[in-house]
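> Here is a sequence with its predicted model. Questions after.
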Amino acid sequence: MTAGARALSWVLLSWLVAACSNGTPGQPSGAGSAAIPTGAVPVATAPPPPPATPEPPIVRSEGMPGSFAPLARKADPAVATVKARVERQQHPGGRRRTVAEGLGTAFVYDPEGFLLTNNHVIEGATDILVSFVDGRDIKAAVVGRDKHTDVAVLKVEEKGLPSLPLGDSDLIEVGDWVVAIGNPFGLSHTVSAGILSAKGRTRDDVKGLDPSGYFNFLQTDASINPGNSGGPLLNLKGEVVGINAAVRANANNIGFAIPINMVRQLLPMLLRDGKIRRSQVGVFVDFLNSIEAARLKRPDRKGAWVKTVVAGGPADRAGIAPDDVILAFEGKPISDPNELRWMASIAGVNKVVTLRVARLERVFDVRLTLGELPELTEEPDEP
């Protein structure tokens, strides 16, 4: 190779090395950046905007709640403070005077102006005012109420209200997170959180309740105090699973709520009739203990033990006798007397139903027509 050829080869080699270091000829040196000539000053570019901060999730991926703030912010506009005024006449023809002013909570479940609360919040009220977090005060009227379950439906003449969806209280499990919103001690729109502590609490567990009532409480350690009554108990989806109702005296963070599935069963009757017209089988029932279960040759203590049959009532006419054990109502198993009382009471007056009955070793079905349960019942165990 001649000296000229060697010099040309050296120039080409140097050019190729530079191309590999700074990018191919005519192309940027490095992905996405323009080649900067030697000695040139780079032009500053604006930094990219910071990513938008996402709303904190209610539940983190590991299952722990991140923040209850999104849930509370969304639910709070549908929760109202209830002010119920009770007036009485001092004497016939005299002036009326206010004798009590109750304070509680309600929540909108239907944007057409329907709210749910406790019966004891509005019982006997002559004027009801509901106040929302946006400052609106609206007069409300009672559409329907039931003392024996402590449920009441209110109506306001305003539509398009924020509302809360009703969930499924059968699906929530002990240990699940729940959130309560209400007005404890008049402190409006207070949010408290806890877990579902237990299910199926009855009047035997919560002392001082109406002995003729029907109770199947959800128990929670979310703070529920006077003024919370009638407010929603929410799951982490923001669905109502219960209506906060009662606090056990001298208990530490134990509150009770009416399961929303129980309320769902009552709503059609309350909206149609304004009250619950209850039906009955016509028997007095009790729990089976181990001694009576052995005597009646029952393999377990499930069912409602018939102690007395009302003469001339539906059960009497159908041939049910004392010491029979009612095992099922319309195909649904009966685990205890409370279940029978509830199912029989809401099935419907004059409805024909089928009971499964055990009489010692014999098990058979009985069809009967339900009667009407008197409004004032002296004996609380009559379904």
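Done, it's in.
> mind listing the helices in this structure by residue range?
In the chain, the helices defined using DSSP state H lie at 3-22, 69-75, 119-122, 260-273, 290-295, 314-318, 337-346.
> which helices and strands sit right next to the third one?
Which is helix 119-122. For helix 119-122, the elements it packs on are strand 79-89, strand 96-110, strand 137-146, strand 151-156, judged by 3 or more CB pairs under 8 Å, 6 or more residues apart in numbering; DSSP states H and E. No exception for glycine: its C-beta is placed from N, CA and C like everyone else's.
> Contacts for that helix, please.
For helix 119-122, the external contacting residues (CB atoms under 8 Å, 6 or more residues apart in numbering) are 82, 84, 102, 104-106, 128, 142, 145-147, 149-152, 154, 229-230.
> returning to what we had before: please identify the most buried of the helices and strands packed on helix 119-122.
Greatest average neighbour count among the helices and strands packed on helix 119-122 goes to strand 151-156 (a mean of 23), per mean count of other CB atoms under 10 Å.
> what lines up beside it in the sheet?
Each strand paired with strand 151-156, and its direction, by DSSP bridges: strand 114-117 (antiparallel), strand 137-146 (antiparallel).
> picking up where we left off before, looking at the helices of the chain, which one has the lowest mean pLDDT?
Looking over the helices of the chain, mean pLDDT reaches its minimum on helix 3-22, with a mean of 44.
> Low-confidence ranges, the chain, go.
Low-confidence segments of the chain (pLDDT under 70): 1-64, 88-99, 246-252, 376-383.
> quick one on the thing from earlier: residue 311 is nearest to which of the helices and strands packed on helix 119-122?
strand 137-146 (28.5 Å; CB to CB).
> For stretch 267-282, list every residue counted as buried.
Neighbour-count burial for stretch 267-282 flags 267, 269-270, 276, 278-282 (criterion: 16 or more other CB atoms under 10 Å).
> nearest residue to residue 303 other than its sequence neighbours?
In this structure, residue 303 finds its nearest non-sequential neighbour in residue 325, 4.2 Å apart by CB to CB, 6 or more residues apart in numbering.
> do residue 301 as well
Closest residue to residue 301 apart from its sequence neighbours, by CB to CB, 6+ apart: residue 288 at 4.3 Å.
> do residue 330 as well
residue 353 (5.3 Å).
> Likewise for residue 194?
Residue 194 sits nearest to residue 222 (CB to CB, 6+ apart), 3.4 Å away.
> list the contacts for the one you found?
For residue 222, the set of contacting residues under the criterion of CB under 8 Å, 6+ apart consists of 178-180, 192-195, 233, 253, 255.
> which among those residues gets closest to residue 366?
Comparing the contacts of residue 222 against residue 366 with CB to CB picks out residue 233 as the nearest, at 38.5 Å.
> Spatially central residue for the protein, please.
Closest residue to the average C-alpha location of the chain: residue 241 at 1.3 Å, with CA atoms, centre = their mean.
> Return the distance of it relative to residue 303.
28 Å (CB to CB, to the nearest Å).
> now residue 161
Using CB to CB, one gets 45 Å for the distance from residue 161 to residue 303.
> Which residue of those two possesses the greater neighbour count?
Summary of the neighbour comparison: residue 161 and residue 303, criterion other CB atoms under 10 Å, with residue 303 having more neighbours (27 against 20).
> tell me the contacts of that one?
The contact partners of residue 303, taken as CB under 8 Å, 6+ apart, are 288, 325-327, 334-336, 358.
> related to what we said a few turns ago, can you tell me which of the contacts of residue 222 are in strands?
Assignment to strands by DSSP state E places the following of the contacts of residue 222 there: 178-180, 192-195, 233, 255.
> Now the buried members of those residues.
Applying 16+ other CB under 10 Å to the ones in strands among the contacts of residue 222 flags 178-180, 192-194, 233, 255 as buried.
> Now flag whichever of those residues is closest to residue 66.
residue 193 (12.2 Å).
> Number of residues surrounding residue 112?
When neighbours are defined as other CB under 10 Å, residue 112 has 12 of them.
> The residue nearest to it when sequence neighbours are not counted - how many residues pack around it?
Taking CB to CB, 6+ apart as the measure, residue 112 lies nearest to residue 159, with 5.3 Å between them; neighbours along the chain are not counted. Burial measure for residue 159: 9 neighbouring residues, criterion other CB under 10 Å.
> Looks like residue 159 contacts residue 108 (just checking).
No - judged on CB atoms under 8 Å, residue 159 makes no contact with residue 108 at a distance of 10.7 Å.
> Write down the beta-bridge partners of the residue lying closest to residue 124 once chain neighbours are set aside, one by one.
Counting by CB to CB, 6+ apart, the nearest residue to residue 124 once its immediate chain neighbours are dropped is residue 86, at 5.0 Å. On the basis of DSSP bridges, residue 86 is bridged to residue 100.
> Residue 110 too?
residue 114.
> In contact with residue 203, which residues?
The neighbourhood of residue 203, defined by CB under 8 Å, 6+ apart, consists of 209-211, 213, 215.
> of the residues you listed, closest to residue 259?
Comparing every one of the contacts of residue 203 with residue 259 (CB to CB), the shortest separation belongs to residue 215, at 9.8 Å.
> and the closest one, how many neighbours does it have?
One way to gauge burial is a neighbour count; for residue 215, by other CB under 10 Å, it gives 24.
> Disregarding residues adjacent in the polypeptide, which is nearest to it?
Of all residues beyond its chain neighbours, the one nearest residue 215 is residue 203 (4.9 Å), with distances taken as CB to CB, 6+ apart.
> How is this protein partitioned into domains?
Domain assignment for the chain by automatic domain parsing gives 73-156, 177-273, 279-372.
> ok, and the closest non-adjacent residue to residue 201?
The shortest distance from residue 201 to any residue that is not its chain neighbour, by CB to CB, 6+ apart, is 3.9 Å, and that residue is residue 217.
> Next: residue 263.
If you skip the residues right next to it in sequence, residue 263 has residue 151 as its closest partner in space, 5.6 Å away by CB to CB, 6+ apart.
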